[in-house]
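Student: prediction below, plus the sequence it came from.
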Amino acid sequence: MKKYDLIVVGGGTAGLSAAAHTAEPGKTALVLESLPKLGGNGVFAPISVFGLSRSAKCAPPRVC
């Protein structure tokens, strides 16, 4: 079993920021995320409605 110095639950902007700011040289960090992409609510996906392109937030249960 691998050991980590820091475990962050949630790969959104706050989780990634926390992992980056608390990481130290020589230490290992693990970021756990339930979705296949990191970024949380900051992830946008292009969609087309009535021929118009827009960006929409991906919200669970939809996986982008």
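Tutor: In hand now; what should we look at? Numbering: from 1, shown residues only.
Student: next structured bit after the helix or strand containing residue 17?
Tutor: Per DSSP states H and E, residue 17 falls inside helix 13-22. Per DSSP H and E, the first helix or strand lying C-terminal to helix 13-22 is strand 29-32.
Student: quick one: strands adjacent to that following strand?
Tutor: Applying DSSP bridges to the sheet, strand 29-32 is found paired with strand 6-9 (parallel).
Student: average model confidence for the strand it pairs with?
Tutor: Per-residue pLDDT over strand 6-9 has a mean of 92.
Student: identify each buried residue in it, please.
Tutor: residue 8 (16 or more other CB atoms under 10 Å). All C-beta atoms are positioned from the backbone trio N, CA, C, and that covers glycine.
Student: show me the contact partners of it.
Tutor: Outside strand 6-9, the residues that touch it by CB atoms under 8 Å, 6 or more residues apart in numbering are 15, 16, 18, 19, 22, 23, 27, 28, 29, 30, 31, 32.
Student: just checking, which helix or strand of this structure averages the lowest pLDDT?
Tutor: Sorted by mean pLDDT, DSSP states H and E, the helices and strands of the chain end with strand 52-57, the least confident at a mean of 54.
Student: what about the protein, any weak spots by pLDDT?
Tutor: 41-64 (pLDDT under 70).
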